[in-house]
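> I need the structure of the sequence given here:
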Amino acid sequence: MPQIKTFRIVGHIYATFMIVIAMTLAIRSLGSFGSEEENSTVLALKSIFSLYCFSFAVMLVIGIEMEKIEYVIVYRIFVISRSICGLVYMVINSLIIIVDHANEASTARTIFGIFLLIVAMIIFFAVIAFELLLVEGIKRYTERSIEIIKIPSVTAV
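From the prediction side, this is the model:
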């Protein structure tokens, strides 16, 4: 495992990346309202969800800067719940597409859809494992800082 001090820098890069992604998704979702291509309800949910991601990423930055382990733990819980919601959304959408192709005469498209779902789930779990590893390193960094502060100093008598 890398040195714990590097997780501060990597955590800032990760949080900045998440903030940029969340703001980009929010702007894109809010800019697409009124178009006939996507459902307005889905766009509203995407924009609200991206604003939640933005606020939790800002909370992670504050947790790193102020070395508040509580903020990092709350962010880890958010990552897990966000991942579960994303996995459910991905599986339901993929199953809808697979069932749609199953109604056609071609079975190759159905098999290809199932294969893509399996590959997407493998990639999804790999990304989530990497993300949780990163958050765990940030948590250890903040714990280490707290332990250093709590050690009592001994003076010579």
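
> ok, now which ones touch residue 115?
By C-beta atoms under 8 Å, 6 or more residues apart in numbering, the contact set of residue 115 is empty. Heads up, the C-betas are built off the backbone N, CA and C, glycines and all.

> how close does it sit to residue 94?
To residue 94, residue 115 is 11 Å away according to C-beta to C-beta, to the nearest Å.

> just residue 44 next, same as before
Relative to residue 94, and taking C-beta to C-beta, residue 44 is found at 23 Å.

> same question for residue 139.
Taken as C-beta to C-beta, the span from residue 139 to residue 94 is 32 Å.

> what of residue 78?
24 Å.

> now swap in residue 60 and tell me
Counting by C-beta to C-beta, the gap from residue 60 to residue 94 is 30 Å.

> more neighbours: those two, which one.
residue 60 (25 against 17; other C-beta atoms under 10 Å).

> what touches both of residue 115 and residue 94?
Among the neighbours of residue 115, none is also in contact with residue 94 (C-beta under 8 Å, 6+ apart).

> what mean pLDDT would you report for the longest helix along the chain?
Secondary structure of the chain per DSSP state H: the longest helix is helix 107-150. Mean pLDDT, computed over helix 107-150, is 84.

> cool, and stretch 49-64?
Mean predicted lDDT for stretch 49-64 stands at 92.
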